[in-house]
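Novice: The following comprises the amino acid sequence and a computationally predicted model.
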Amino acid sequence: MKHISVAIDGPSGAGKSTLARRAAKALGFRYLDTGAIYRTVGLAARDAGADPDDPAAVTALLPGLDLAIAFDGDDVQHMYLGGRDVSGAIRENDISRWASRVSAIQGVRDFLLETQRRFARENDVVMDGRDIGTVVLPGADVKVFLTADPEDRAMRRYRELRELGQSVDYDSVLAQVLERDRIDTTRAAAPLRQAEDAVLLDTTGLAQEESLSRLLHIIRERLGTL
């Protein structure tokens with residue numbers, strides 16, 4: 001039985017995770033947050049004291065990395081590192097920088113590639129990330145490139161972090177968003193770019209419900225289920 005795959009790519013803070021999760025629920029698919037997997041590797045590198053800009057130091061950690069993905073009764077994804085649930089820890093603002101750097105390492109991407117592809121082979125899936133439609137699932141049934149202006153994305157991230165109780169200021173968050181865009185679009189390993197057959201969805205200024213409605217319309221139209 002062939003499963004359906006929906007690939008959603010886009011820059012940091014575009015709302016990919018939230019919208020992909022809600023779209024998967026509406027469609028009856030399973031959602032895989034690939035960013036959480038890279039964040040877990042970033043957390044492991046930080047905890048081990050490895051230089052995220054040293055590929056050899058980071059890839060040396062991979063063979064012994066006890067990383068696991070699990071889903072609770074509400075189908076919410078949890079990340080485990082060394083048997084510890086790190087789903088909250090990987091959302092710390094500092095981990096964004098680590099995740100961005102380790103995800104630029106080819107060895108890390110190769111290490112995680114089969115995990116992501118196997119998940120798509122075994123489930124009807126909505127998967128989001130930076131290179132899902134271009135590298136991980138180039139044959140996905142639907143591809144969407146989800147984006148928004150940097151200022152809009154920074155404000156969303158700022159509000160999210162404030163709600164989590166983290167002390168941040170908007171200008172710092174915007175600087176981090178712009179830096180991550182630079183890293184993600186210029187890295188040698190699977191740089192962020194829109195797949196040729198992906199539909200562009202710009203959510204600048206849109207409320208979440210409107211963004212979700214437009215995303216679901218694109219997916220259903222492409223699947224022929226409107």
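Specialist: Alright, I've got the coordinates. Numbers count the residues shown, from 1 in each chain.

Novice: then whichever strand or helix holds residue 175 to PDB, C-alphas only?
Specialist: When elements are defined using DSSP states H and E, residue 175 is found to belong to helix 170-186. Once non-C-alpha atoms are left out, helix 170-186 reads as follows in PDB (Å, rounded to 0.1, in the frame of the first residue of the first chain):
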ATOM      1  CA  TYR A 170      12.200  41.400  19.600                       C
ATOM      2  CA  ASP A 171      15.300  42.900  18.000                       C
ATOM      3  CA  SER A 172      17.400  39.900  19.200                       C
ATOM      4  CA  VAL A 173      14.800  37.500  17.800                       C
ATOM      5  CA  LEU A 174      14.700  39.300  14.500                       C
ATOM      6  CA  ALA A 175      18.500  39.100  14.300                       C
ATOM      7  CA  GLN A 176      18.400  35.400  15.000                       C
ATOM      8  CA  VAL A 177      15.800  34.900  12.300                       C
ATOM      9  CA  LEU A 178      17.900  36.700   9.700                       C
ATOM     10  CA  GLU A 179      21.000  34.900  10.700                       C
ATOM     11  CA  ARG A 180      19.300  31.500  10.400                       C
ATOM     12  CA  ASP A 181      17.900  32.500   7.000                       C
ATOM     13  CA  ARG A 182      21.500  33.300   5.900                       C
ATOM     14  CA  ILE A 183      22.800  30.000   7.200                       C
ATOM     15  CA  ASP A 184      19.900  27.900   5.800                       C
ATOM     16  CA  THR A 185      20.000  29.400   2.300                       C
ATOM     17  CA  THR A 186      23.800  29.400   1.900                       C
END
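
Novice: Which strands or helices does it pack on?
Specialist: Using 3 or more C-beta pairs under 8 Å, 6 or more residues apart in numbering; DSSP states H and E as the contact criterion, the secondary-structure elements in contact with helix 170-186 are helix 93-102, helix 150-163. Any C-beta I mention is one placed from the backbone N, CA and C, and that applies to glycine too.

Novice: List the buried residues in it.
Specialist: Taking 16 or more other C-beta atoms under 10 Å as the basis for neighbour counts, the residues of helix 170-186 that come out buried are 173-174, 176-178, 180-181, 183-184.

Novice: ok so, going back, out of the helices and strands packed on helix 170-186, flag the one nearest residue 62.
Specialist: Relative to residue 62, the nearest member of the helices and strands packed on helix 170-186 by C-beta to C-beta is helix 93-102, separated by 9.9 Å.
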